[in-house]
Every structure is written in structure tokens, then in C-alpha cells.
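In: Structure of the sequence below:
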Amino acid sequence: MAKVDGQEKVIATAQHIVKSLATSTNAAEDMIRILSGFDNRLSDLFPSPAAPDGDGPQEEASEAELLLDAADQVVLRWDNSDSLLFDVGASLDDASEYLTAVDDLISLVYDEDCSDDLRSRAETTLQISMTRLEDEFRHLMIRHTVPLDPQNLSDPGPRRPSLSFSSFSAARPSPSFSSDHGEPSPIDDSESSAEDDHQIPHHNSADPEGEEEEQRQQQQQSSSELIHPEVVADLKSIADRMILSGYGKELCQVYSSVRREVLDECLSILGVDRMSIDEVQRIEWQTLDDRMRKWVQAVRVGIGLLLPGERRICDQIFAESSTLRDECFAEAAKGCVMQLLNFGDAIAVCRRSSEKLFRILGMYEALSGVMLELRSMFPGEHGELLITEAEEILTRLGDAAKGTFNEFGNDVQNENSKKTMPNGDIHPITRYVMNYLVLLVSYKDSLDFLLDESSPDDGNHPESIEQRDGSGDFGLMSPTARRLLACISYLEANLEEKSKLYDDGGMQYVFLMNNMLYIVQKVKDSELRALLGDHWVRRRRGQVRQYATSYLRASWTKVLSYLKDDGLGGSGSSNSASRMAIKDRFKNFNMAFEEIYRTQIVWRVADNQLREELRISISEKVIPAYRAFMGRFGGHLEGRHAAKYIKYTPEDLENHLLDLFEGSPGGPQNHPRRKLGS
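Out: Numbering: from 1, shown residues only. Predicted coordinates:
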């Protein structure tokens, strides 16, 4: 075993001799000096010159030689070893010995009292050690990288109402609303408020929830660091020596190449893949929607959490050089950021459609929310171009959101489908628009910024909107509130036009009641109420009551006209002409009532309270009039044929009125109550 060790030592020494020959002008002396470090019998071939009396410098030169010889031995021994100094299970003493040897070499290189030959030898050995430390540095980073686990990282951004496909309405209001086939409509009915727009609570030291939030943030910070913290000290110890030795450039190349791959892998785990603008333009909506959702999470998690963690690690490792700190981080992280920015840019120039607005606003908010972090992480010249690009893309996303919102308002205003609801029910465009606006309220802060008064004309025509609304508060509203009010105003005008497609005047008002009440309920039960105000809600409720009055007039005026005593004479009249007129009145009343019953039993009033109020209103007008008419003239039809004309008691009529507005698809023949006229 000793023989083998000796052979390895000779081979290592010979290798170093070859390297020394290439740098030293005194090759022979260098060879003897190196070999004398391994066998003192060779030292006689290279005697030290006699020192004059009282001289200390000669002793110092001798100590420098011994220091270099010792460092040579450590470096050359490891240069021929396949083992790693900082590997798992490696001896801490070996690593400490090697770093001490490197420190000695660095001190000799920078020692002005060293001879040129001694410094040249130290530089050669130092170069060998730098190759070893570079490999050790790379190995440490690769081996001790922490894989990203998305389960441990929650999106730090605000939570929005769900935009998943499972919660979207399948019905679209009209093909004209979007040319992107297969894109979903906003969520239907009350589902939009199923999830509250929770915000992450602020820390309060006296609040248990604040303490939990602080613990969560600490856990997030720990989870966001992609290198085991226990190896940072070793990485720093290597980096310090490479920087002092003038190998900062090589160190930066190693660091940035390894970390760049790690961050690229993180993006892939977060669901962000490289896509060209052409690919984004061609992708089907369902896939694009998922990519946009993942992009928002990747920006908030990647730039908001992972890159700050990466920056902290980088600052610790390269603490000896502020220039290298910025350069290494920028080289490692800018590719990851640019990949995210490129996708955002592709979305900003995509063909617009109303359903994309929520995702675009989410992307705008996500990027806007990390701009401060980006500026702090990429200072100076290393991040100047990156920050400029991010700011430009943020502006383009904002313009895309603003333009898409403008187009949505135009779509609502210009939607001219001739589709009617057979039973006067809520029209799909009403559900679509109101659910859309309810979702938009959660983005009101961003929309207020994008839609401020400095924005160009948005086509809202404030005069016509204020005239229709009648509140006089339009100019005092926020930009978002004005735009939302404009969209509702367009919807109301659109619905009025659609009501004219019904031939039956009563159904026109049932249709308007259903849709207006739906609009009012959506405003009242959401944050729209805070934007539009209670006055707006009261006015629209009043409009519903007006529609109800118009319905009663259109549907029941003719029926009630048969219960008037005009031309029938007094209650004591008994001539045959009067009896015939009375028979006609009862007969016509029966026919008119039965016609309304058969028609309106299939009509539907969606709101339970409104449906009950309408029935009560009808009963209050019809039943007392019928009872009074029957009391005054029913006695004139006594005999076996009286039942032919007096077919219903007041109670019968009242029971039949309870069947109205149920939307019974089978009509009166399938209704559980007895049939009319039976």
C-alpha cells in the first residue's frame, strides 16, 4: 500500500513539474525545490544561500517557501482525486485543510515581498485549486437544490370568484358577443358570489390570526428558497476565495447556468411553457384560458416568492462583490422573467373577446403587483432593459383590458338577436351581462386606474346615460362605476327592444319585470350596490312596479270590463233583454278569463315574491268585482241553465289565479288543479 501511495505521489509531482515548466524561467531550480518537498535528501542539491548577520528577510522567504510547499501538497493531492471535498459524508477537516491551503496561496500571490518565482508557483497551484473549487461549487448547487413543491406555495395574490369552466354557464347570449367559439359565459346566477373575494389578512401582533399569518409568511419564505440553507455557508466560502483569486467571471458562469436551469424547471412545474405569439394566437380557448390562469400564478409565485428567495441566496453567496451579486442573479433569472413577459406580450396583442377580460385583468394585476420586486431585484444596468420591457408589457396588458371592456359595452349595446323567451323568462343576455359585471367589480381598483378621466373617450355617452338613469350623480361616480352603469343602461335599452318582439302586451311587461328584477337583485346582492348606490336600486324597483301596473292594465282591463254594470239596468231589472245582456257578460267574462288562464299558466315569473305579489294584485282587482257582479246579476239567471253561465265561484277564480306564472310546460291540461270549465 505504501508503494502505491508513493507512486501516486510521484505521478502527481511529475504532473505539477510539467505545469511549472510552462511558467517558470528557472525550471531546473523549480523541479529540485518541488521534489525536495517530498524527500529531504534532495534538499542538498538546492542549498539555501548563507544569510548575512542580522538578516530576517531570508528566514521569511524560507517560511513562504514552506507555506507554498504545504499548499502544493494539499492541492495536488486533491487534484488527482475523484472524491469531493464537500460531498455527503466527506470529512470537514479535508475541506477546511483545502480552503486553508487556498487562503495561503492567495496570500502568497498578493504578497509584495514574494519573489517572482515563488509568486508564479503560487499562481499555478492556485489555478489548479480554482478548477477544483469550481467543480465543488457546481456539485453543491446541483446536489442541494430543493425541488419546487407547488403544494407548499400558495398564490400570494387576492382570491377572485372562480372562473373555472365547471362554474360557467353553458348558454351564450348571442354568437355576436364573441367570435371565439367555445369560450364560456360568466358564471350563472348566484354562483358568482359563492366565493368571497378574501384578502390575505394584515399582521397584528396582538391577533392570533396575525401570528398565524406571520408563520405562514415565514413558511412561504422558507419554501421559496430553492437551495438547502445549510450549504449556503460552504458555497459562500468557495465563492469568497474564487472572487479574491480573480475567478469571479468563471464563478458567475457556473452559478447562472445551474440556477437558470432550476428556474426554468420551476416554470415548467408551475405550468408555464415557452410559446410563440403565433402559437398563442392559434391555441383553442379552453387551453389558453388554463395557460393564462397558470401564468398569473407563476408570476405571483415565481416573481413574488421564488425569485426574492433566489436573490437572498445569491446575495449571501456573493457577499464579497456587489457587482457579482447583481450580475449573477440577473444572468440566472432574466431568462425566466423574459419567458413570462413574452407570454404576457402575446396575450396583449391577441384577438379580443369579452371572456378574456377577466384573465387579462388578472394578468395585469399580477404583473403590476410584482413590479416593485422586479425593480429591487434587478437594479442598475443589469436589469434596465428587463424592467423597461416589463413596464411596456404591463402598459399593453392594461390597454388590452381597457379596449376589451370598451368592446364589451359596444357588444351589449349592439346585440340584436331576435331570440325571445317563450315564457317571458330572464333572457340569457341579462344573465350574461350581469354576472359579467358582478365579476368585474372585484377588479374595480385596477379598472379605476385604467379608466381614469385621462383615458380617451370610451363611447359611454354620459348625457344619454344620465338622462336615462335620472340620478344626476353620474359625474360623481368612479370611472368603473360609470362604465358599469353604462353597460347596464345599454342592457336595459336592449331588453326594451326585445320586449317588443312579443305580440301579447302582458307578456312584454312580464318579460321586462323578470329581467329588471334580476338586474336589481344582482346589483343589490353584490358590490355593484356600493358603486351604483341605493338610489339606483330604489329607482329600478320602482320601475318594476310600473311594469307590474302596465301588465295588469294590458292583461286584465278587458276581463274587468265584462263585470261592469253599464247598460244592464238596476238589480231589479228583469226584462228579457237585460237577462240576455247579463248572460253575454258572464259568457264573455268566462271566455276571457279562461283565455288568460290557458295563456299565462305557461308564463313564468322567476322571483317568488314578485309572483305572489302579482297574484295578489290580480285577485284584489278581479275577485271583488266578480263577487259584486254576481251578487247583483246572478239572481237573474236562476233556473237549470244558470250554471251554464255562472261557471265559477269567487273561490274557484281565486284558486285558478294561484296557478298563474308557474311556467307550467304542459299548460292547463297537465296542471294538478281541475280544468277550467269542468
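
In: ok, Lys419 - how many residues close by?
Out: For Lys419, the count of nearby residues is 11 (other CB atoms under 10 Å). Where C-beta positions appear, they are placed from N, C-alpha and C, glycine not excepted.

In: With the one 3 residues further on instead?
Out: Each residue near Pro422 was counted by other CB under 10 Å, and the total is 12.

In: and if you look at Ser617?
Out: Neighbours around Ser617, by other CB under 10 Å: 15.

In: Please name the residues that touch it.
Out: Contacts here follow CB atoms under 8 Å, 6 or more residues apart in numbering; on that basis Ser617 touches Ala548, Leu552.

In: Can you give me the distance of it to Tyr551?
Out: 9 Å (CB to CB, to the nearest Å).

In: now Arg132
Out: Using CB to CB, one obtains 91 Å as the distance from Arg132 to Tyr551.

In: the more surrounded of those two?
Out: With neighbours defined as other CB under 10 Å, Arg132 and Tyr551 compare such that Tyr551 has more, 25 against 18.

In: Nearest residue to the more buried one in space, please, no chain neighbours.
Out: Nearest non-adjacent residue to Tyr551, counting by CB to CB, 6 or more residues apart in numbering: Tyr509, 3.8 Å away.

In: For the helix or strand hosting the one you found, list every residue counted as buried.
Out: Assigned by DSSP states H and E, Tyr509 belongs to helix 505-524. Neighbour counts using 16 or more other CB atoms under 10 Å place 506-523 of helix 505-524 among the buried residues.

In: Kindly report the same for stretch 74-89.
Out: By neighbour count on 16+ other CB under 10 Å, the buried set for stretch 74-89 is Val74, Val75, Leu76, Arg77, Trp78, Leu84, Leu85, Phe86.

In: average pLDDT for it?
Out: The pLDDT scores in stretch 74-89 average 86.

In: and what of stretch 113-121?
Out: Mean pLDDT, stretch 113-121: 88.

In: ditto for stretch 662-678
Out: The pLDDT scores in stretch 662-678 average 59.

In: Same check on stretch 282-291?
Out: 92.

In: Likewise for stretch 377-395?
Out: 92.

In: CA-only coordinates of it, as CSV, when you get a sec.
Out: Provided in CSV are the C-alpha atoms of stretch 377-395 (Å, rounded to 0.1, in the frame of the first residue of the first chain):
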residue,chain,number,x,y,z
MET,A,377,-34.2,42.6,-7.7
PHE,A,378,-32.8,43.9,-11.0
PRO,A,379,-31.1,47.2,-10.2
GLY,A,380,-28.8,49.2,-12.4
GLU,A,381,-27.6,48.3,-15.9
HIS,A,382,-28.1,44.5,-15.4
GLY,A,383,-31.9,44.9,-15.2
GLU,A,384,-32.5,48.1,-17.1
LEU,A,385,-33.7,46.5,-20.3
LEU,A,386,-35.7,43.9,-18.4
ILE,A,387,-37.6,46.4,-16.3
THR,A,388,-38.3,48.6,-19.3
GLU,A,389,-39.7,45.6,-21.2
ALA,A,390,-41.9,44.6,-18.1
GLU,A,391,-43.2,48.2,-17.9
GLU,A,392,-44.1,48.2,-21.6
ILE,A,393,-45.9,44.9,-21.4
LEU,A,394,-47.8,46.0,-18.3
THR,A,395,-49.0,49.0,-20.3
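
In: isn't the residue nearest to Tyr551 right up against Arg545?
Out: No: in this structure Tyr509 lies outside contact range of Arg545 using CB atoms under 8 Å: 11.2 Å.

In: How about Ser499, nearest residue that isn't a chain neighbour?
Out: Closest to Ser499 by CB to CB, 6+ apart is Gln508, at 4.4 Å.

In: Enumerate every residue touching that neighbour.
Out: Gln508 neighbours (CB under 8 Å, 6+ apart): Ser499, Lys500, Tyr502, Ala554.

In: Kindly give the local confidence score, pLDDT, for it.
Out: So Gln508 comes in at 96 (pLDDT).

In: Likewise for Phe408?
Out: pLDDT at Phe408 comes out at 93.

In: The host helix or strand of it: which residues count as buried?
Out: Phe408 is part of helix 380-414 when elements are defined by DSSP H and E. For helix 380-414, burial by neighbour count (16+ other CB under 10 Å) applies to 382-383, 386-387, 389-390, 393-394, 396-402, 404-409, 411-413.

In: Would you map out the domains in this structure?
Out: 2-47+59-137, 150-164+212-408, 415-550, 562-670 (automatic domain parsing).

In: Can you check which of those domains gets nearest to His144?
Out: Of all the domains of the chain, it is domain 150-164+212-408 that lies closest to His144, at 4.4 Å by CB to CB.
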